[in-house]
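Undergrad: quick one, fold the following:
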Amino acid sequence: MGIRIGSACALVALAAAASSARANMLVNGGLELNPAYSIPLNPGFVTAGPVTNSTALPGWTVTTGTVDVVPSTYWQVKQGSYSVDLVGSPGTGSIRQLVSGTQNNTDYSMTFDWAPNPVVQGTDETLTTKILLIQAYSMASATTVGGMIAQQVYFLRDGNRTKQNMQYVSDHFDFTATGKTMIVVSAVEPMDLPSGENAGNMYMGPVVDNLDLELASHSQPAGETVPEPASLAVAGLGAAGLLVRRRRVVKN
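TA: As a prediction, the model looks like this:
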């Protein structure tokens, strides 16, 4: 019995190590609303900017324009209870986060889900191509942003999306860190806008959710790969089987 308990404890420890090794390096990567805020009945979401509702997204800073923190009661989210429209009400916006723990000359990958805002509000922005920009910056010091180390632009057409069927697309952003890193996620003025449209009165942008930043798989040091929890469970069953078999052999 003692051997079995010890084996179980070892498996739990390995599972915890696996979970830690694959932990999301972003704070609030799910873009959940600060619990101190409540959703107003009208318009049904929280608009945040550098000054107004600036603490609405824990872990993130709204750096330019405004963004809308939108609940699942308003439209479909990918995970959790909220997603973020990077074009606020109104105007293009951006969010950023200083990531702790990134190492120099090491590759990282951020996966995320996104979709165009399908709602018609104020102006006709349907059937436009929404543009998402993600950038990574090095830090010259603890408080000073250095140079940009990577950027990627993503395009999606509105198409036949609805609030009930956002049709989120999974994508990724890869970069090689040069020490401490700043991640910036922002909206860019859409393509195919109606005549006279401009960034100042846009309402519908790229909607992001479920951001997960981890060490790139090929950057895992040799000999330090930790098995997934599911694999650990299988290994545990195998070990338990061997123990039972051994006990039977001894008993016989």
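
Undergrad: which parts of the protein are helices?
TA: 2-21, 229-251 (DSSP state H).

Undergrad: among these, which gets the worst mean confidence?
TA: Note on those: lowest mean pLDDT is at helix 229-251, with a mean of 39.

Undergrad: and Thr178, what does it touch?
TA: 104-105, 138, 146, 149 (C-beta atoms under 8 Å, 6 or more residues apart in numbering). C-beta here means a position set from N, CA and C on the backbone, and glycine is covered the same way.

Undergrad: biggest separation within those, which pair?
TA: Across those, the longest distance by C-beta to C-beta is 14.9 Å; it joins Asn105 and Gly146.

Undergrad: ok, back up a step: most neighbours of all the contacts of Thr178, which one?
TA: Per-residue neighbour counts (other C-beta atoms under 10 Å) across those peak at Ser138, which has 19 neighbours.

Undergrad: what sits closest to Asp107 if chain neighbours are left out?
TA: Among residues not flanking Asp107 along the chain, Ala216 sits closest, at 3.9 Å (C-beta to C-beta, 6 or more residues apart in numbering).

Undergrad: dead centre of this protein: give me the residue that sits there.
TA: Leu211 (0.6 Å; C-alpha atoms, centre = their mean).

Undergrad: my read: that one touches Met110, true?
TA: Yes. Using C-beta atoms under 8 Å, Leu211 is in contact with Met110, at 6.2 Å.

Undergrad: distance of Asp209 from Tyr37?
TA: Separation of Asp209 from Tyr37 (C-beta to C-beta, to the nearest Å) stands at 17 Å.

Undergrad: actually Pro43, not the one I wrote
TA: Distance from Pro43 to Tyr37, by C-beta to C-beta: 14 Å.

Undergrad: can you check Gly30 too?
TA: As judged by C-beta to C-beta, Gly30 and Tyr37 stand 15 Å apart.

Undergrad: and the two? which has more neighbours close in?
TA: Taking other C-beta under 10 Å, Gly30 and Tyr37 do not tie; Gly30 has more neighbours (18 against 14).

Undergrad: ok, that one touching Asn210?
TA: Yes. Look at Gly30 against Asn210 with C-beta under 8 Å: they come within range, at 6.1 Å.

Undergrad: need the residues touching each of these two.
TA: 79-80.

Undergrad: low pLDDT regions in the stretch 101-250 of the chain?
TA: Counting by pLDDT under 70, the stretch 101-250 of the chain has low-confidence residues at 120-126, 194-201, 220-250.

Undergrad: and the pLDDT for Pro58?
TA: Value for Pro58, per-residue pLDDT: 98.

Undergrad: tally of neighbours for Ala142?
TA: For Ala142, the count of nearby residues is 7 (other C-beta under 10 Å).

Undergrad: if we ignore the residues flanking it in sequence, what's nearest it?
TA: Lys180 (7.7 Å).

Undergrad: repeat for Leu193
TA: Spatial nearest neighbour of Leu193, excluding adjacent residues (C-beta to C-beta, 6+ apart): Thr128 at 5.9 Å.

Undergrad: now Asn28
TA: Gly59 is the one closest to Asn28 (C-beta to C-beta, 6+ apart), at 3.8 Å.

Undergrad: that neighbour and Val27 touch, don't they?
TA: Yes. Contact criterion C-beta under 8 Å: Gly59 and Val27 qualify, at 3.1 Å.

Undergrad: spit out the residues that contact those two alike.
TA: Common contacts of Gly59 and Val27, defined by C-beta under 8 Å, 6+ apart, comprise Gln97.

Undergrad: report the contact partners of Val169.
TA: In this structure, Val169 makes contact with 113-115, 156, judged by C-beta under 8 Å, 6+ apart.

Undergrad: just to revisit the earlier point, the residue nearest to Ala142: neighbour count?
TA: 19.

Undergrad: residues contacting it?
TA: Taking C-beta under 8 Å, 6+ apart, one finds 98-100, 102, 138-139, 142 in contact with Lys180.
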